[in-house]
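A.B. asks: Sharing a sequence plus its predicted fold:
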Amino acid sequence: MDTRFGKAEDWIDKIEKITGNKSILTIQDAEPIGPNSLLDVLVIAPCTGNTIAKLANAITDTPLLMAAKAHLRGMKPVIIGISTNDGLGMNAKNLGILLNTKYYYFVPFGQDSPYVKCNSLIARMDMILPTVEMAIEGKQIQPLIIQNIF
C-alpha cells in the first residue's frame, strides 16, 4: 500500500529489480513457500503490532501472514523486527506469545521514546543480519531487550 515511505508500485519495482524475482502479492502465491521449501529464513521487518497480533493468533489474511505460516510448516526461522506503538500495551500479550513460540526469532528491540510513547517498541534494524545468522543456528541473539534505541 502507499504510505509516507513511498508508493507501493515503486517499492515493488525496486525490490523486483534488486532480487530478480517476481513479488508474491496474493495469499495463493504465498502458500507454496512452505511445501516447496522456497526460503531458508523469512524476515518480517518492520513488523507492526497488527502483524504481531495476527501471527500470535494464527490469522492468515494477507500474503505475508500466509508466507509466515507456510514457512513455519518447514520448521524454519521467522525473524521479527518489531516496530509498534503498542508493544508494551495491548500487544504485549501477543509479543509474549511469539517470544515463547518455536521458530520465531527477534531482532533486539527496546523502547524508542519511553517518555513520549511509553508503550512503543522498535527493533535495531541494523542487527537483522546477526539475528538471521544466529537464528539459522537455532539461537536467539542476545541481549534481546536493549536500551537507548535512539
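C.D. replies: Noted; the coordinates are in hand.
A.B. asks: Over to stretch 46-63 now: how far is its first residue from its last?
C.D. replies: End-to-end span of stretch 46-63 (C-alpha to C-alpha, to the nearest Å): 15 Å.
A.B. asks: and if you look at stretch 29-42?
C.D. replies: 15 Å.
A.B. asks: Residues contacting it, please?
C.D. replies: Applying C-beta atoms under 8 Å, 6 or more residues apart in numbering, the external contacts of stretch 29-42 come out as 24, 63-64, 66-74, 76-79, 132, 135-136. C-beta: built from backbone N, CA, C; applies to glycine.
A.B. asks: Give me the buried subset of those.
C.D. replies: 24, 63-64, 66-72, 76-79, 132, 135 (16 or more other C-beta atoms under 10 Å).
A.B. asks: Looking at those, which is nearest Lys102?
C.D. replies: Leu72 (8.7 Å; C-beta to C-beta).
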